[in-house]
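Peer 1: got a sequence here, can you build the structure:
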Amino acid sequence: MYCPFCSDAETKVLESRLLNDSMRRRRECLKCSNRFTTYEKAVFNFSVIKKDSKEELFNLEKIRNSVKRACGKIEDEDLNNLTRKIERRILSKKKNHIKTEVIGKVVLNELKNYNKIAYLRFASIHKSIDDPKMFKKEISQII
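Peer 2: As a prediction, this is how the structure comes out:
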C-alpha cells in the first residue's frame with residue numbers, strides 16, 4: 001500500500017476492522033509517520049451465461065435492482081442483507097461460469113424466505129409465467 005502523503009510503499013497496519021462487506025484498515029507510513037485509512041473489498045470476476053448463450057461478467061447490481069423491483073418498498077438495510085446473502089450463495093458455487101437459471105433459483109429461494117409476494121413477482125418474470133394455471137402452481141408451492 002502506497003502512502004497517500006509521500007508515496008512510499010512501506011506502511012504498517014495498526015488496526016483492522018470488519019465492516020458489512022469490506023475490511024477497514026488503519027495504516028501508518030513508516031517513512032513520514034502519517035496515518036490513513038483504507039477500505040478493502042474482494043472483487044470476484046466470473047462469467048454469467050445468459051439464456052441466449054452469451055457471456056457477461058457477474059454484476060451484483062443487476063440482482064440488487066431485480067430484488068428491489070420484486071420487493072417494492074424495502075428498507076436499504078434489508079435489501080443489502082438480502083443481496084449479500086444471494087451473493088454468498090452464488091459465490092459458494094465456486095465456478096468460473098454460472099448460468100442465469102442458477103442465479104434465478106438462488107434469488108427465488110432467498111425471496112421465498114423473505115417475502116412470498118416478492119417471490120411471486122420475481123418468479124413470474126424469471127420463469128416466464130404467462131398462464132394463470134402456472135401461476136396457481138407457484139402459489140401452491142409457497143403456501
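
Peer 1: quick check: mean pLDDT across the helix or strand harbouring Glu56?
Peer 2: Per DSSP states H and E: Glu56 is located in strand 55-57. Averaged across strand 55-57, pLDDT comes to 91.

Peer 1: can you give me the helices in this protein?
Peer 2: 60-71, 76-91, 100-114, 116-126, 132-142 (DSSP state H).

Peer 1: per-domain residue ranges of the chain.
Peer 2: 11-40, 47-142 (automatic domain parsing).

Peer 1: spatially nearest residue to Lys93, not counting backbone neighbours?
Peer 2: Nearest residue to Lys93 in three dimensions, chain neighbours excluded: Val102, at 6.9 Å (Cβ to Cβ, 6 or more residues apart in numbering). Backbone N, C-alpha and C define where each C-beta goes, glycine included.

Peer 1: burial count for the one you found?
Peer 2: Val102 is flanked by 16 other residues according to other Cβ atoms under 10 Å.

Peer 1: take the helices of the chain and write them to TSV, including mean pLDDT.
Peer 2: Formatted as TSV, the helices of the chain follow (pLDDT from 0 to 100):
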stretch	mean pLDDT
helix 60-71	93
helix 76-91	91
helix 100-114	92
helix 116-126	88
helix 132-142	82
